[in-house]
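Student: output the structure for:
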Amino acid sequence: MTEPMKKSRRALLEEFLAAHPHDAFARYGLAMECANQGDAAAAIENFEKLLAENPNYVAGYFQYGQLLARLSRTADAKRTLSEGIQAARRSGDQHAGSEMEAALAQLPAS
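Tutor: Numbering: from 1, shown residues only. Coordinates of the predicted model:
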């Protein structure tokens, strides 16, 4: 008797999101999982959905900005991090704001 195949973390997150499409934490988790697997297109799609539906999800801006920087999409990374800094200020998250300011400062000039 063979054991049933264990579902991947990504598959579990995708299933959960199908049932709970507006769950911000699950959307963030799926975006991160896609990025970690090297599926940049799916990661971008999920970060875009996350931030469109949850404009104050500060961690999403930071991680998305870092992904864009790794993809050499510097202008997009700068825009995303700048938006994230504003979101951090709105939510009073000074630590995340300063992390994004540091990440923004490390990006090459356009």
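
Student: what's the burial count for the nearest residue in space to Q94 that is not next to it in sequence?
Tutor: Counting by CB to CB, 6 or more residues apart in numbering, Q94 lies nearest to A88, which is 7.2 Å off, once chain neighbours are set aside. (Glycine included, C-beta is placed from N, CA and C.) Neighbourhood size, A88 [other CB atoms under 10 Å]: 23.

Student: pretty sure A88 contacts G97?
Tutor: Yes - assessed by CB atoms under 8 Å, A88 is found in contact with G97 at 3.5 Å.

Student: and for these two, which residues touch both?
Tutor: Residues touching both A88 and G97 by CB atoms under 8 Å, 6 or more residues apart in numbering: V58.

Student: could you find the closest non-adjacent residue to K7?
Tutor: Nearest to K7 is E15, by CB to CB, 6+ apart, at 7.6 Å.

Student: likewise for I44?
Tutor: Closest residue in space to I44, ignoring its immediate chain neighbours: L67 at 7.3 Å, by CB to CB, 6+ apart.

Student: count of neighbours near A19?
Tutor: 8.

Student: could you do the one 10 residues further on as well?
Tutor: G29 is flanked by 19 other residues according to other CB under 10 Å.

Student: and if you look at the one 4 residues further on?
Tutor: The number of residues packed around E33, counting by other CB under 10 Å, is 20.

Student: wait, Y57 sits on L50?
Tutor: Yes - counting by CB under 8 Å, Y57 touches L50, with 5.9 Å between them.

Student: how close does G65 get to L81?
Tutor: Using CB to CB, to the nearest Å, we find G65 at a distance of 4 Å from L81.

Student: what do you get for K7?
Tutor: 34 Å.

Student: more crowded one of those two?
Tutor: L81 (26 against 11).

Student: and the gap between that one and A19?
Tutor: 32 Å.
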